[in-house]
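Novice: Got a predicted structure plus its sequence, pasted below:
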Amino acid sequence: MNRMNQETKARFREIRDKVEAEQRLSLEDGIFLYDPGVRLQEIGELANWVRERKNGNVGYYNINTHLNPTNVCVYRCRFCAFRSDLRDPKGYAMTDEQVLDRGREATENGCTEMHIVGGLHHQKTYHWYRNIIELLHTNYPQIHLKGWTAVEINWFEFQTKQSVRWVLEDLISVGLGSMPGGGAEIFHPEVRDQLCEHKANTHAWLDIHRTAHQIGLRTNCTMLYGHVEKAFHRIDHLIRLRELQDETGGFQVFIPLAFHPENTKLSDIRKPSALMDLRTIAISRLMLDNIQHIKAYWIMLGVETAQTALAYGADDLDGTVRHELIYHDAGATTPECLSIDKIRGLISEAGREPVERDTIYRRVHRDSNDFTKWNSGASVDAQAATTT
Ligand code: SF4
């Protein structure tokens, strides 16, 4: 186990004092915490302290399913193993019947949420994407539709020649409930230009989330790490999110996404270690003082690391998940779905109280005679504020 030298210890003490005094950490502080000379255990303990202050002893999860209506995509992000060319045999686009089948399956399995993201299909119009939301909402109105990343919204803006606000309001009118946080990758142009120079740029991503928040749509935010970026780029990314959150308060949760290299154009890169995953989760908790939740996304981290992350700043494991394709195409070896007992067991084993939440962080109450019947109660955040 590495021991911190005197200088590192003194610098870490300064950071600890700032966190305990609820002062904001700077770019330099964040970069320092990525120095391997700073013991992960110390950072984890500090992040855990913040996590317990914000979210008590609870570990959240939800019961959800994924829907990726098409993998055909006009873009060619270097980190993406999911996309397909238009005429590649791997390419698909779901029919209305297939979409409705997924809605039915989700209802039968008690899902509260569908997470809907996919490729930007060369031949599908905005109305095809809009219709997916409308079909699901009309037939399964209780399921919360968390759909379309800022990259897709940017594409719809291009297709319709309408404003971001118009697109979002139109999607809300047919049933969109919130937006996922994908497509953020790494904001700094030194990295973004190497990964995905053509798709929605940093300004567009942030502006779409800003507009969403302004019209009352809650969104999530992410960071894809462990490829060509350095500590500076990660902290710069977190600070850009923190600044937008200061402005709008609309992000509910931050999800650090560990890069999976298999089947991508970056397959020569080694995937981040569990130690790097835990360090990134802990540093995110410390830097993002204005975002309530930090999610350890078990699909990408692996079940064991995600469970451990509950003691390193994370308070949420995401969901039971069905039909995840994007990271499994990139070599994720995690199961495709966790049972409710398994996810609750993982949280309890970590010494946390498992609490089922819905997409917008309200406590879910289930009918004790019929598991598939449920309703949403009060916000868990209001509760956390009164119990911590
Ligand atoms: S990450 Fe999204 S936008 Fe980029 S190639 Fe893959 S599906 Fe297309």
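Specialist: Noted; the coordinates are in hand.

Novice: Could you report the distance from the residue in the stretch 201-350 of the chain that the ligand sits nearest to to Pro189?
Specialist: Of all residues in the stretch 201-350 of the chain, Ile326 sits closest to the ligand, at 7.7 Å by Cβ to the nearest ligand atom. From N, CA and C alone the C-beta is placed, and that goes for glycine too. Computed with Cβ to Cβ, to the nearest Å, the distance linking Ile326 and Pro189 is 24 Å.

Novice: Which one of the two is surrounded by more residues?
Specialist: The neighbour count for Ile326 versus Pro189, taken as other Cβ atoms under 10 Å, is higher for Ile326 (22 against 12).

Novice: if I've got this straight, that one is in a strand?
Specialist: No: per DSSP: H, G, I helix; E, B strand; the rest coil, Ile326 lies outside any strand segment and is coil.

Novice: mind listing what the residue nearest to it when sequence neighbours are not counted touches?
Specialist: With Cβ to Cβ, 6 or more residues apart in numbering as the measure, Phe82 is the residue that lies nearest to Ile326, at 4.5 Å, once sequence neighbours are left out. Contact criterion Cβ atoms under 8 Å, 6 or more residues apart in numbering gives 68, 71, 119, 325-326, 329-330 as the residues in contact with Phe82.

Novice: If we use 7 Å, what do you get?
Specialist: 71, 325-326, 329 (Cβ atoms under 7 Å, 6 or more residues apart in numbering).

Novice: State the distance from the residue of the stretch 201-350 of the chain closest to the ligand to Leu40.
Specialist: As for Ile326, its distance to Leu40 is 28 Å (criterion: Cβ to Cβ).

Novice: Ile239 touches Leu27, doesn't it?
Specialist: Yes: counting by Cβ atoms under 7 Å, Leu27 is a contact partner of Ile239 at 6.1 Å.

Novice: higher neighbour count, those two?
Specialist: When Ile239 and Leu27 are compared for neighbours, Ile239 comes out ahead with 18 against 13, by other Cβ under 10 Å.

Novice: host element of that one?
Specialist: helix 231-248 (DSSP states H and E).

Novice: Pull up the pairing partners for the following helix or strand past that helix, direction included.
Specialist: Elements were assigned by DSSP H and E; along the chain past helix 231-248, the next helix or strand is strand 251-258. Listed by DSSP bridges, the sheet partners of strand 251-258 and their directions read strand 219-225 (parallel), strand 293-294 (parallel).

Novice: Between helix 231-248 and the longest one, find me the angle.
Specialist: For strand 219-225 and helix 231-248, the angle between their directions (axes from the mean of the first three to the mean of the last three Cα atoms, to 10 degrees) works out to 170 degrees.

Novice: Just the mean pLDDT for strand 219-225, thanks.
Specialist: This predicted structure assigns strand 219-225 an average pLDDT of 98.

Novice: Residues contacting that strand, please?
Specialist: Strand 219-225 has contacts (Cβ under 7 Å, 6+ apart) with 79, 178-182, 184-186, 209, 212-213, 234, 237-238, 241, 250-259, 272, 280.

Novice: residue contacts, Met114?
Specialist: Contact analysis of Met114 by Cβ under 7 Å, 6+ apart lists 65, 67, 106, 136, 143, 145.

Novice: quick check, nearest of these to the ligand?
Specialist: Scanning the contacts of Met114 for proximity to the ligand, where the rule is Cβ to the nearest ligand atom, the winner is Leu67, at 14.0 Å.

Novice: Model confidence for that closest one, exactly?
Specialist: pLDDT, the model's per-residue confidence, is 96 for Leu67.

Novice: coming back round to it: want to throw the strands paired with strand 251-258 into CSV with mean neighbour count?
Specialist: Supplementary listing: the strands paired with strand 251-258 in CSV, determined by neighbours: other Cβ atoms under 10 Å:
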stretch, mean neighbour count
strand 219-225, 23
strand 293-294, 25
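
Novice: give me phi/psi at Val50?
Specialist: The phi and psi torsions at Val50 (degrees, to the nearest 10) take the values phi -70, psi -40.

Novice: Quick check: it touching Leu288?
Specialist: No: using Cβ under 7 Å, Val50 makes no contact with Leu288, being 9.6 Å away.

Novice: Give me the more crowded residue out of those two.
Specialist: Ranked by neighbour count (other Cβ under 10 Å), Val50 and Leu288 place Leu288 first, with 23 against 19.
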